[in-house]
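A.B. asks: give me a model of this one.
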Amino acid sequence: MDILKPPAKLNVTLYTDASVKEGKAGLHVYIKSNEGKIEHSEAFECKDNNIAEIHAIKVGLKIIEGIALNPDVLVCCDNRAAVAWAKQQGHRVKWVRGHRHNWMNNRCDRYARKVRTR
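C.D. replies: Numbers count the residues shown, from 1 in each chain. All right, here's what the predicted structure looks like:
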């Protein structure tokens, strides 16, 4: 008799960033797992950068929720308010210094600004 093994837990790192200027906002999420990667950008209306950064995390988590059952997620963000919010929600978090040598954060920043200006 074969015994079914539960699927391996999906390890996911979620990088997010948002950009806000004059009521227009953009976000970009970079989702990396042991199964591959997903990137997503979107524009939206927002006047507050902290709210936009939290929205970016929510969008990323919603995407992950659609592809994995109970994944192990590490949220990486350069906004301290958004990191604190994610931590309060029970997520593992890592604050990353923005505009430095973290290429994933820099990529998210670049695409968030780009989609905001469309």
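A.B. asks: contacts and neighbour counts: CA atoms only from here.
C.D. replies: Will do.
A.B. asks: run through who's touching stretch 107-116.
C.D. replies: Under the contact criterion CA atoms under 8 Å, 6 or more residues apart in numbering, stretch 107-116 has outside partners 15-20, 24-30, 41-44.
A.B. asks: one more time with 7 Å, if that's ok
C.D. replies: Among residues not part of stretch 107-116, those counted as contacts by CA atoms under 7 Å, 6 or more residues apart in numbering are 16-19, 24-30, 41-43.
A.B. asks: now, these that are in strands?
C.D. replies: Counted as lying in strands by DSSP state E, out of those, are 16-19, 24-30, 41-43.
A.B. asks: need the max-distance pair from those.
C.D. replies: When the ones in strands among the contacts of stretch 107-116 are compared pair by pair using CA to CA, the two farthest from each other are K24 and Y30, 20.8 Å apart.
A.B. asks: now A81, nearest residue through space, not along the chain?
C.D. replies: The shortest distance from A81 to any residue that is not its chain neighbour, by CA to CA, 6 or more residues apart in numbering, is 6.3 Å, and that residue is N50.
A.B. asks: swap in G98?
C.D. replies: Once flanking residues are discounted, G98 sits nearest to D78: 5.2 Å by CA to CA, 6+ apart.
A.B. asks: got a pLDDT number for that neighbour?
C.D. replies: At D78 the predicted local confidence, pLDDT, stands at 94.
A.B. asks: surely it meets V93?
C.D. replies: No. At 10.6 Å, D78 and V93 do not qualify as touching, with contact defined as CA atoms under 7 Å.
A.B. asks: quickly note the distance from the residue nearest to A81 to E35.
C.D. replies: To E35, N50 is 30 Å away according to CA to CA, to the nearest Å.
A.B. asks: isn't L27 right up against D17?
C.D. replies: Yes. Using CA under 7 Å, L27 makes contact with D17 at a distance of 5.7 Å.
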